[in-house]
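>>> Provided below for reference: sequence and predicted model.
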Amino acid sequence: MLWRTISGLCLVLLLASCSHRVSPGRFEARAREVAARWDGSAGDRAWRSGFVLLGGLQDRGGWTDPPAWAALSAHNGVWKLAAELPAEPLPEARLRWPDGAVSEVPLVTAADAYAELSKPADFIEEECPAKGCRPLRVTGAEPGETTLETSRGTIRVPAWLFSVKGVKSKFVYVAVAPSAITARPQATEGESEEVRGFDLVEGKPHDLLLEYGYGSCDRVHGARAYETGNLVVVDVDQEGSGGICDAALHMGTITVTLTRPLGDRLVLDSGTGLPVVRGVTPPRK
C-alpha cells in the first residue's frame, strides 16, 4: 500500500521498500471502520457546517516582488512595531459560504493579530545571518479582507493589513477569532495518508481522479472505493518490490469508478480515516 508519511525505517536513503498489499477483504474491513468512526462525529459536523481552515491564518498570496530579506525576517520573527495600532475592536462579521449559508464570527484586534503575525515559525529552517535579520518595521494597520480555503470551499473573511517599511505588499493576517475556527483534523500515530487529493472527471460522473504518492520501486495494482450514503472511502493498492530502493517520493494519479456519482458525499482516505481535499497537482509540462 501507499504511505505518504513514511515510517522511520523508510527515511534513510537506501532501504527495502515498505509498501505491502492489502487484500480486498482487509480493505473493506478498514473502510467500514473508517466510515463508522467518521460518520456523524464531531469532526464530520465541523467539516460540513463549521469553519475548518485548510491553510494558515497569514496570507502572502498577493505579494508582488517582495525583497528577499522580508520573508527570512518574517520566518524568524524579526519585527519592530513603529506605529500605534488601531485600538478599536471590530464588530462581528457575517461570513457567506459558497452554499449560501451565513455565519456570524467574532474578530480580533489589530494588536492581537500583530502578536500572532510577529511570532517566529515553529520550525526555523534558515537562521538569520550572523549580523541578524533586517527588522520588519510595522508602520500601520488597516482592516481589509482576504480569501481562505476551508472544508466548505473558498470564502472571503475580514483581515488586518499591516504596512511594513521597505515592503510594497501588505502583510495580511486573518481577523477571525481563533474561537470561531476548528483546526483541521490530523492523522493519529500509526495511521498514514494514502490518497492526498481527488477531483471529478469531466464527462464521467461516476469516476474520481485520485492523487497519491509512491516509491521508486512500488507497483500500483489499482484504486478501490467503499461507498455509503454519506461517504466514499478510497485507497490505492500498491506493493513494494521487496528489494533495495531509494526513499524518493513520487506523485501520481489514478481513477476509481463509483456505483453512483459522488454528489455531496465526503471522500475519506482509508489510511488516515480523514477527509480528502478536492484538487490534484497539475501535471508538469
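Nice, I can see it. Quantities reported herein were computed from a predicted structural model and do not represent experimental measurements.

>>> which strands and helices sit next to the helix ranked longest in the chain?
Once the chain is assigned using DSSP state H, the helix that runs over the most residues is helix 24-38. Judged by 3 or more CB pairs under 8 Å, 6 or more residues apart in numbering; DSSP states H and E, helix 24-38 is in contact with strand 219-227, strand 231-239, strand 266-269. C-betas here are computed from N, CA, C, even on glycine.

>>> buried set for the very next helix or strand once past that helix?
For helix 24-38, the following helix or strand on the C-terminal side (DSSP states H and E) is helix 42-49. Within helix 42-49, the residues scored as buried using 16 or more other CB atoms under 10 Å are 43-44, 46-47.

>>> just the strands in the stretch 151-285 of the chain please.
Assignment of strands within the stretch 151-285 of the chain using DSSP state E, counting those that start in this stretch yields the ranges 153-164, 167-174, 195-201, 204-215, 219-227, 231-239, 244-246, 249-257, 266-269.

>>> JSON lines for the ones you listed, including mean pLDDT?
Converted to JSON lines, the strands of the stretch 151-285 of the chain look like this (pLDDT from 0 to 100):
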{"stretch": "strand 153-164", "mean pLDDT": "95"}
{"stretch": "strand 167-174", "mean pLDDT": "93"}
{"stretch": "strand 195-201", "mean pLDDT": "96"}
{"stretch": "strand 204-215", "mean pLDDT": "94"}
{"stretch": "strand 219-227", "mean pLDDT": "93"}
{"stretch": "strand 231-239", "mean pLDDT": "93"}
{"stretch": "strand 244-246", "mean pLDDT": "72"}
{"stretch": "strand 249-257", "mean pLDDT": "92"}
{"stretch": "strand 266-269", "mean pLDDT": "98"}
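
>>> nearest to residue 29, out of these?
Residue 29 sits nearest to strand 219-227 of all the strands of the stretch 151-285 of the chain, at 9.7 Å, using CB to CB.

>>> measure how that closest one sits relative to strand 249-257, angle-wise.
50 degrees (axes from the mean of the first three to the mean of the last three CA atoms, to 10 degrees).

>>> burial of residue 89, as a residue count?
13 (other CB atoms under 10 Å).

>>> same question, residue 73
22.

>>> what comes into contact with the host helix or strand of it?
Element membership for residue 73 (DSSP H and E) is helix 68-75. Helix 68-75 is contacted by residues 79, 120-121, 124-126, 128, 133-136, 164, 166-167, 171 when judged by CB atoms under 8 Å, 6 or more residues apart in numbering.

>>> grab the longest strand from this protein for me.
strand 136-150 (DSSP state E).

>>> what's that one packed up against?
Checking 3+ CB pairs under 8 Å, 6+ apart, strand 136-150 ends up next to strand 58-59, helix 68-75, strand 79-81, helix 110-117, strand 153-164, strand 167-174.

>>> returning to what we had before: quick one, which of the helices and strands packed on helix 24-38 gets closest to residue 99.
When the helices and strands packed on helix 24-38 are ranked by proximity to residue 99 (CB to CB), strand 266-269 comes first, at 14.3 Å.

>>> which strands or helices does that closest one pack on?
Under the contact criterion of 3+ CB pairs under 8 Å, 6+ apart, strand 266-269 touches helix 24-38, helix 42-49, strand 195-201, strand 231-239.

>>> looking at those, spot the one closest to residue 178.
helix 42-49 (14.2 Å).

>>> now the angle from that closest one to helix 24-38?
80 degrees.
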